[in-house]
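>>> Predicted model follows, preceded by the sequence.
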Amino acid sequence: MSQSIEVNVCEGILCADFNEGRLIIDTGSPVSLGPDITVRVLGSAIQLNSSFGAYAWSDVQKSLPFDAVGLIGVDAFSDATLGFDVADRTVALLESSIEGAQSSFVMGSPVISCQIGEDKLRCVLDTGAGLSYLKHHEVAGFGQGLGKQEDFHPILGQFEVETVACSLILGEQVITEVFGLATENLRTLMETAQIDGILGTSFFGQGVIEIDFANEIVGFSAG
């Protein structure tokens with residue numbers, strides 16, 4: 001029997017409630033952050049770190065629009081295969097191999113190749129971002145402008161962005177996803193990670209996403 005946890009979306013960010021309190025499930029973070037405690041997530045014991053580089057958990061925690069005791073990053077899942085079904089509010093540990101495309105992950109964070117118009121994009125799957133994002137604004141040229149929207153990111157805090165709805169091609173599947181046009185700070189982070197886009201928690205709500213962290217494989221089935 002596969003292990004699973006119940007998840008919910010708080011202010012656009014994927015979270016789960018544990019005995020210790022609410023934890024952010026952040027597939028865009030290389031490390032788990034929080035106080036000096038160990039938590040059990042899907043059968044693994046995860047030690048939380050007080051900081052990652054220049055980012056201290058205490059600063060992240062203060063900027064959150066909701067209460068959370070910590071953040072679970074991809075270091076918690078490095079040997080695992082997980083199924084994310086956000087519509088059904090579950091993340092499950094999968095025991096069998098999955099079918100999907102292989103792509104080089106970024107510091108352990110899952111990456112998927114997709115396309116908008118003629119532009120081929122390399123996008124990181126980030127449940128710590130509410131919206132999806134495009135680094136190059138011109139990629140959104142064929143999309144439908146939706147105006148400004150407030151968003152929040154655990155590292156960058158709260159900000160306002162222009163949004164656009166675009167048709168996203170994933171293999172044989174086509175879905176419509178709303179993207180924010182990356183701010184200068186976010187674009188800098190994306191340049192460093194060598195990615196063209198971010199597929200946030202809104203994308204995870206579009207179907208079932210299976211991620212094999214050990215073999216760097218991502219599978220997507222539209223809902």
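Looks like it arrived, so ask away. Numbering: from 1, shown residues only.
>>> I'd like the next helix or strand past the worst-scoring helix or strand of the chain on mean pLDDT.
Counting by mean pLDDT, DSSP states H and E, the chain has its least confident helix or strand at strand 55-56, which shows a mean of 84. Per DSSP states H and E, the first helix or strand lying C-terminal to strand 55-56 is helix 57-63.
>>> still on that earlier bit, from the contact counts, what lies against the least confident helix or strand of the chain?
Strand 55-56 sits against no helix or strand, with contacts defined as 3 or more C-beta pairs under 8 Å, 6 or more residues apart in numbering; DSSP states H and E. (C-beta placed from N, C-alpha, C; glycine too.)
>>> so what strands line up beside that strand?
strand 51-52 (antiparallel) (DSSP bridges).
>>> What lies in contact with the partner strand?
Outside strand 51-52, the residues that touch it by C-beta atoms under 8 Å, 6 or more residues apart in numbering are Ser29, Pro30, Val31, Leu33, Trp57.
>>> Glu184: which of the residues you listed is nearest?
Comparing those against Glu184 with C-beta to C-beta places Ser29 closest, at 21.1 Å.
>>> list the contacts for the closest one?
By C-beta under 8 Å, 6+ apart, Ser29 lies in contact with Phe52, Leu71, Gly73, Val74, Ser109, Gly128, Pro154.
>>> Apply the buried test to the residues you listed and list what passes.
With burial judged by 16 or more other C-beta atoms under 10 Å, the buried subset of those is Phe52, Leu71, Gly73, Val74, Ser109, Gly128, Pro154.
>>> Can you tell me which of the residues you listed is nearest Glu11?
Pro154 (10.3 Å).
>>> all helices in this protein, in order from the N-terminus.
Taking DSSP state H as the criterion, the chain carries its helices at 57-63, 184-193, 201-204.
>>> What is the second one packed up against?
Read it as helix 184-193. strand 197-199.
>>> Can you list the strands that the strand it packs on pairs with?
Short version: by DSSP bridges, strand 197-199 pairs with strand 119-125 (parallel), strand 132-134 (antiparallel).
>>> With mean pLDDT, mean neighbour count and distance to Ile195 added, can I get these in JSON lines?
Formatted as JSON lines, the entries for the strands paired with strand 197-199 read as follows, by pLDDT from 0 to 100; neighbours: other C-beta atoms under 10 Å; distance: least, C-beta to C-beta, whole Å:
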{"stretch": "strand 119-125", "mean pLDDT": "96", "mean neighbour count": "21", "distance to Ile195": "5"}
{"stretch": "strand 132-134", "mean pLDDT": "95", "mean neighbour count": "25", "distance to Ile195": "10"}
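>>> Tell me which of those lies nearest to Ala92.
Of those, nearest to Ala92 by C-beta to C-beta is strand 119-125, at 16.2 Å.
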